[in-house]
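Novice: A structural model of the following input is requested.
(chains A and B)
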Amino acid sequence: MEAMLNLFVSTRGSGKMMKEFLLNTGSTIEEGRLAKGGSKLTEDYTQECAVCEMNPGDFQDLGSPQKVKITSRDGRYSVAAYAHPEESIQSGQVFMPRAIWSNVVVDPETFSTGSPLYKGSPVQIEPTKEDVLSAEELVLKLYVRS
Amino acid sequence: MAFKNIICPVCGASCDDIQVELRGSKIVTKNACKMGNAKFWEIFSPHRIREPLLKESGSFCTALWDEAVDRAAMILVKAKRPLIFMGSETSCEAMQVGLHLAEFLGAIADSNSTVCHGPTAMGIQEAGRVGATAGQSKSRSDLVVYWGSNPLESMPRHMSRYGVYPRGYWTRRGRFDRTVITVDPRKSITARNSDLHIQLKPNTDYELLSALLTLLHGKKPHPSVEKVTGVSISEMEEMLERMLGCNFGAIYVGLGIASSFGKHRNAEAALNLVKELNNHTKFVIGALRGHCNVAGFNQIASYLYGYPFGLDFARGYPRYNPGEYTAVDVLREQDVDAALIVSADLVSHFPAACARYLAELPVACIDIAPCPTTMISQVVLPGVIDAMECDGTFYRLDDVPVYFQPFTGSPFSFTDSNEDTMKQIFQKVKEMKR
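Specialist: Model prediction:
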């Protein structure tokens, strides 16, 4: 695990900035209010949950982007979210509310327990100009094959 | 019309003091938290699913109830290896029907409890658990440890009803008689309201628990543990000193334990620490179970079939092997060919590889509001809200069963409850299999 924790390495090069972080997902009270209130397909839910909170130092290192693209460890899945600097988070870690956006990049390995790595999944993050999709758009783009 | 002592069907706290006032098509609640309040409003919400829906040529159209139940049953009957997924915001009675249906079909049965505290349940199987009811902890505990949990956002009334603020028989001054320690990589709102915050690095719970056990055994952990966990040995000593100094300590573990690297071994280490702490003072441990009745599935599955989650009935008898028969794993490995999902949103809350495969399968679901899982389903059956519109049983976070009674009836003529819907599907499946 030590090797994984030390993966916070800047890979600046050819004008592209990408860093490796450990993703922590969890509840927020507003996420809970909207999810329990059946509002998962609303703009309010997107604004609350399509968010990537990171340490202000890391945020600056990434160029203080408005949006970031988070990519899963195996590079198969990625999702755009709004970037927020947040003092409560240590450098090298990011936090996303538990919702469809964060789960796109959560590692599906369960280590023979049935429960994926909702906390501590390695992800790669870079600034992006991609649109932040709603839950509905994300399902149609990533999951539903025409 | 006003009702008192209503059970809230949202999180594992199963708060039993909700007051509800129905004024025509409006509802006013007292004592409920933000999440609970939002759920009570669902009774009259404009987006509530009120008619059965069938997907035809990629878009939904309303259908007759019998037609939709037929289609749901057909999906299950045609499948070789279906998944029956029982979400947590429904009653034990509905879960029981789901488990029997899975046995009848030779299906896989699983629930939210697996991705919630499945690893904690596995840790309990390894180490046993020194537990207490929420009431005992309220009356006695003078030290509370929130390990990998943030109850102020995930179970908003835990601190005020059971954990920290209430005045118990031996904790007359409430918060002033209690010490609160939070172990969390993030300085969460719970951590900010604690007396001591241990800010460990992610994925190092096992190492920190092992170091605490070493200190408890009177030995000094290897100095490298400071670099690994990000916590100094002096902080660990301070934490342990406070724990040993209390009369009754309660540890509430969250998904920080169950969902991070180490999984059930983290839980096992925490349970062993509590066992050893009992050589010095009284200590108990319990899981903060985020979803309502997520504990119920573990209880029902255990007493009916001997295993708490992830059951495979393919051979006609229950088999249990987490990582092989559990929902995330069978979807990731593309090992099922249909699904019935009850009161759960797997597309939102499972990793992408699982959600993507689920979207390729014939799926029937029972739900109350539109969500990503209803979007990918072929059949959507309207859900009845337990504890508001029908009676039944939940298990609270401390595994205490709570019987709930409704304050209004099912809004549908075709079903009284999710249990009733499951029974109708089961009946249809039996008829089709004859």
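
Novice: Residue B:367 is in contact with residue B:346, isn't it?
Specialist: No - using CB atoms under 8 Å, residue B:367 is not in contact with residue B:346, being 11.0 Å away. (C-beta placed from N, C-alpha, C; glycine too.)

Novice: Mutual contacts of the two, please.
Specialist: Overlap of the contact sets of residue B:367 and residue B:346 (by CB atoms under 8 Å, 6 or more residues apart in numbering or on different chains) consists of residue B:373.

Novice: Please name the nearest non-neighbouring residue to residue 40.
Specialist: No chain in the question, so chain A it is. residue B:371 (4.6 Å; CB to CB, 6 or more residues apart in numbering or on different chains).

Novice: right idea, wrong chain: chain B
Specialist: residue B:29 (4.8 Å).

Novice: Helix or strand: which one has the one you found?
Specialist: strand B:26-30 (DSSP states H and E).

Novice: quick one on the thing from earlier: contacting residues for the residue nearest to residue B:40?
Specialist: Contact analysis of residue B:29 by CB under 8 Å, 6+ apart lists B:18, B:19, B:20, B:21, B:36, B:37, B:40.

Novice: ok so the fourth one is a helix residue?
Specialist: Okay, so that is residue B:21. No - going by DSSP: H, G, I helix; E, B strand; the rest coil, the assignment for residue B:21 is strand, not a helix.

Novice: hmm, back to that, and the residue nearest to residue B:40, how far from chain A?
Specialist: Going from residue B:29 to chain A by CB to the nearest CB, to the nearest Å gives 12 Å.

Novice: So what pairs up with that residue in the strands?
Specialist: Beta-bridge partners recorded for residue B:29 (DSSP bridges): residue B:20.

Novice: Let me know the pLDDT of it.
Specialist: Listed pLDDT for residue B:29 reads 96.

Novice: One more: residue A:11?
Specialist: Confidence score, pLDDT, at residue A:11: 44.

Novice: How about residue A:65?
Specialist: 97.

Novice: What of residue B:1?
Specialist: 86.

Novice: could you check the distance from residue B:124 over to residue B:272?
Specialist: Going from residue B:124 to residue B:272 by CB to CB, to the nearest Å gives 11 Å.

Novice: Please apply the same query to residue B:43.
Specialist: The value you get for residue B:43 to residue B:272, if CB to CB is used, is 45 Å.

Novice: list the buried ones in the helix or strand following the strand holding residue B:29?
Specialist: Sequence-wise, the next helix or strand downstream of strand B:26-30 (DSSP H and E) is helix B:34-41. Within helix B:34-41, the residues scored as buried using 16 or more other CB atoms under 10 Å in any protein chain shown are B:34, B:35, B:36, B:37, B:38, B:39, B:40, B:41.

Novice: Quick check: the residue nearest to residue A:40 touching residue A:41?
Specialist: Yes - assessed by CB under 8 Å, residue B:371 is found in contact with residue A:41 at 6.9 Å.

Novice: Identify the contacts common to these two.
Specialist: residue A:135.

Novice: State the helix or strand in which residue B:427 lies.
Specialist: helix B:418-433.

Novice: again with residue B:96
Specialist: Residue-wise, residue B:96 maps onto helix B:92-105 under DSSP H and E.

Novice: Tell me if that helix is near chain A.
Specialist: No - if you take CB under 8 Å from any CB of the partner chain as the test, helix B:92-105 misses chain A, and the best it gets is 15.6 Å.

Novice: Now do the buried residues in that helix.
Specialist: B:92-103, B:105.

Novice: now stretch B:56-63
Specialist: So for stretch B:56-63, counting by 16+ other CB under 10 Å, buried means B:60, B:63.

Novice: can you give me how far it is from the chain middle?
Specialist: With CA atoms, centre = their mean, to the nearest Å as the basis, stretch B:56-63 stands 32 Å off its chain's centre.

Novice: likewise stretch A:81-91?
Specialist: 11 Å.

Novice: Stretch B:130-140 too?
Specialist: Worked out by CA atoms, centre = their mean, stretch B:130-140 lies 20 Å from the chain centre.

Novice: now swap in stretch B:85-105 and tell me
Specialist: 15 Å.

Novice: do the same with stretch B:200-213
Specialist: 24 Å.

Novice: What count of nearby residues applies to residue B:66?
Specialist: 12 (other CB atoms under 10 Å in any protein chain shown).

Novice: Spatially nearest residue to it (excluding sequence neighbours)?
Specialist: Closest to residue B:66 by CB to CB, 6+ apart is residue B:414, at 8.0 Å.

Novice: burial count for that neighbour?
Specialist: Neighbours of residue B:414 using other CB under 10 Å come to 17.

Novice: same check, this time on the one 10 residues further on
Specialist: Counted with other CB under 10 Å, residues neighbouring residue B:424 total 20.

Novice: which non-adjacent residue is nearest it?
Specialist: In space, residue B:424 is closest to residue B:69, 5.3 Å off (CB to CB, 6+ apart).

Novice: Could you list the residues in contact with the helix or strand where the one you found lies?
Specialist: Here residue B:69 sits within helix B:65-78, counting by DSSP H and E. Contact with helix B:65-78 is made by B:52-54, B:63, B:82, B:84, B:101, B:105, B:107, B:338, B:340, B:362-364, B:378-381, B:412, B:414-415, B:421, B:424-425, B:428-429, B:432-433, as judged by CB under 8 Å, 6+ apart.

Novice: residues in contact with residue 54?
Specialist: This is for chain A. Counted by CB under 8 Å, 6+ apart, residue A:54 has contacts A:21, A:62, A:83, A:84, A:85, A:86, A:89, A:93, A:94, A:95, A:125.

Novice: The chain in question should be chain B.
Specialist: B:60, B:61, B:62, B:63, B:67, B:68, B:71, B:378, B:379, B:380.
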